[in-house]
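# Sharing a model that was predicted from the sequence below.
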Amino acid sequence: YVKEFNEKYPDIEVVIDTPKDYDQVMKIKMASIDLPDVWTVFPGVFSAEQLTQANYPLDEFSFAKNIMGKDLFKGTDDKTYALSVGYTLGGVVVYNKKLFNQASVSVPKTLDAFIAAGKAIKKAGKVGLASAAKAQWPLVMYDRYIPVFLTGNPNLLNEQADKDEPFTPDSPYAKSLSIL
């Protein structure tokens with residue numbers, strides 16, 4: 001990539017640095033105002049204050065207009081300071097319209113309505129919700145992503161290490177698993 005880039009832009013020096021403890025190194029560089037021009041930012045590692053103080057807002061650039069996940073990298077001024085390199089829709093729900101009509105169930109728009117729809121369909125003698133749990137990997141949604149969505153806290157996973165009992169019955173994890 002560097003060779004191809006330099007063929008097009010020969011006057012720009014590209015330096016690739018891959019420190020072992022990346023997040024800690026970048027926090028030190030941020031504190032000393034010594035960040036590279038382009039660097040990787042992971043959601044939840046840096047606060048909105050840090051992003052605002054150390055980076056240039058990207059909102060005015062056309063390439064940044066329609067990228068999903070920008071909300072993960074908002075600064076204190078509500079501007080975007082990093083862009084997602086990938087985005088996954090882990091909460092996709094597929095439903096059977098014919099079955100919903102037969103059970104007189106409308107498409108749910110809230111979690112409570114979703115659970116009620118599943119119960120109504122189950123009462124009609126059909127499977128109300130299938131999780132694809134046999135494949136195991138779909139369950140990652142219930143221990144990593146849904147708790148974050150339920151709380152609205154993108155830093156939730158990082159904060160768990162500081163808790164003596166992160167998995168109490170009223171925790172976001174228990175609430176997430178209760179959906180199953």
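On my side now, so go ahead. Numbers count the residues shown, from 1 in each chain.
# Centre of the chain to the helix or strand of the chain with the lowest mean pLDDT, how far?
Ranked by mean pLDDT, DSSP states H and E, the weakest helix or strand in the chain is helix 140, scoring a mean of 81. The chain centroid and the centroid of helix 140 are separated by 12 Å under C-alpha atoms, centre = their mean, to the nearest Å.
# again, but for stretch 53-65
Put simply, stretch 53-65 sits 19 Å off its chain's centre (C-alpha atoms, centre = their mean).
# outside of it, which residues touch it?
Outside stretch 53-65, the residues that touch it by C-beta atoms under 8 Å, 6 or more residues apart in numbering are 30, 33, 35, 41, 46, 70, 75, 77, 79-83. Just so you know, the C-beta spots here come from the backbone N, C-alpha and C atoms, and that holds for glycine as well.
# which helix of the chain spans the most residues?
Ranked by number of residues, the top helix in the chain under DSSP state H is helix 111-123.
# Which positions within that helix qualify as buried?
Across helix 111-123, burial judged by 16 or more other C-beta atoms under 10 Å covers Phe114, Ala117, Gly118, Ile121.
# Show me where this protein has its helices.
Going by DSSP H, the chain shows helices at 2-8, 22-31, 48-54, 97-102, 111-123, 140, 146-151, 156-159, 172-179.
# Mind listing residues that contact the fifth one?
When contacts are taken as C-beta under 8 Å, 6+ apart, the neighbours of helix 111-123 outside the stretch itself are 93, 99-100, 103-108, 127-129, 179.
# quick revisit: ok, then the element right after the longest helix of the chain?
helix 140 (DSSP states H and E).
# Of the contacts of stretch 53-65, which is the nearest to Thr151?
Phe46 (18.8 Å; C-beta to C-beta).
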